[in-house]
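Novice: Make a model of this:
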Amino acid sequence: MSARLALAEIWLPKGTVIKELLRVEGASNRALDSVLTERVPTYRTPLLEPIEGGPESIRARMAKGHRARVDILLKELGREEGTRLGRRAVFEAGEELGRDARARLRVGGGARDIERAAKLLYRVLGIDISISISGDKGEMRVTRCSLSSHYSKDTCSVLSAMDAGMFRGLSPRIRMHFSQSITSGSKECLAAIEMGEGT
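Specialist: So this is what the prediction gives:
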């Protein structure tokens, strides 16, 4: 196992959490803004509200920004097309973040390293998860999500593709998709994980 990953699991300073949150916020907002700018002529990228507080304030601002963007996307393009384009954009952003995390944390290709890295990334977002992988199948459960109180069902439907992209970035072998979510009324989110061929 990577020493960097092991250290980050033990010691994750508040400043690092804030830096990583801003990285995720920037990547996700840029992804959605790129679709909106291209497809909605009247769209103007909103200015970020100043942050007063720590990680929770950034998480709330990010989630509210996601919801506002998705609302415009679906209103202007329709639910089906808006969801499709939004999911594609944030998937690519998530994949890039996952690749970056894999390189910086020196994440190995084994299921255990991927599980530990994913838990760390979700911890930054204020999300509690459990992952179980046996052979080429597995599942992820989300028992607490700091974003869910600010998300709508539609927001979650779009932004969940970023999770799938992040897993793909951590390992090109992984495919994951959610089958239920807290924003749809479930007590927890549930996602299926498949480990395929790859490097």
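
Novice: only C-alpha atoms for contact and neighbour calcs from this point on.
Specialist: Fine.

Novice: So for R39, what's the pLDDT?
Specialist: Looking at R39, its pLDDT reads 97.

Novice: And for G198?
Specialist: Reading off the model, G198 has pLDDT 57.

Novice: and V142, what are its phi and psi?
Specialist: In terms of degrees, to the nearest 10, the main-chain angles of V142 are phi -110, psi 110.

Novice: Quick check, it in contact with L125.
Specialist: No: taking contacts as Cα atoms under 8 Å, V142 lies outside contact range of L125: 12.0 Å.

Novice: By mean pLDDT, which helix or strand of this structure comes out lowest?
Specialist: Ranking every helix and strand in the chain by mean pLDDT, DSSP states H and E puts helix 3-10 at the bottom, with a mean of 74.

Novice: same for it, what does it pack against?
Specialist: helix 111-124 (3 or more Cα pairs under 8 Å, 6 or more residues apart in numbering; DSSP states H and E).

Novice: Recalculate using a threshold of 10 Å.
Specialist: Contacts defined by 3 or more Cα pairs under 10 Å, 6 or more residues apart in numbering; DSSP states H and E place helix 3-10 against helix 79-105, helix 111-124.

Novice: Is it possible to get CSV of those helices that adds mean neighbour count?
Specialist: Output for the helices and strands packed on helix 3-10, formatted as CSV (neighbours: other Cα atoms under 10 Å):
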stretch, mean neighbour count
helix 79-105, 20
helix 111-124, 19
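
Novice: mind putting these in TSV, distance to D71 included?
Specialist: Below are the helices and strands packed on helix 3-10 laid out as TSV (distance: least, Cα to Cα, whole Å):
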stretch	distance to D71
helix 79-105	9
helix 111-124	24
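
Novice: now the helices for the chain?
Specialist: 3-10, 14-39, 55-77, 79-105, 111-124, 153-170 (DSSP state H).

Novice: The fifth one to helix 55-77, inter-axis angle?
Specialist: Orientation of helix 111-124 against helix 55-77 (axes from the mean of the first three to the mean of the last three Cα atoms, to 10 degrees) gives an angle of 90 degrees.

Novice: can you check the last one too?
Specialist: Computed with the same axes, to 10 degrees, the direction of helix 153-170 lies at 110 degrees from that of helix 55-77.

Novice: So for L47, which of the helices of the chain sits nearest?
Specialist: helix 55-77 (10.0 Å; Cα to Cα).

Novice: In that closest one, which residues are buried?
Specialist: Neighbour-count burial for helix 55-77 flags 55-56, 58-67, 69-71, 73-74 (criterion: 16 or more other Cα atoms under 10 Å).

Novice: For it, the averaged confidence score.
Specialist: For helix 55-77, the per-residue pLDDT averages 97.

Novice: and what of stretch 90-98?
Specialist: 98.

Novice: Name the surrounding residues that touch it.
Specialist: Applying Cα atoms under 10 Å, 6 or more residues apart in numbering, the external contacts of stretch 90-98 come out as 23-24, 26-32, 35, 85, 87-88, 100-104, 117-118, 121, 158-172.

Novice: swap in stretch 145-153?
Specialist: Contacts of stretch 145-153 (Cα under 10 Å, 6+ apart): 56, 59-68, 70-71, 122-123, 125-129, 155-157, 159, 181-185, 188-189.
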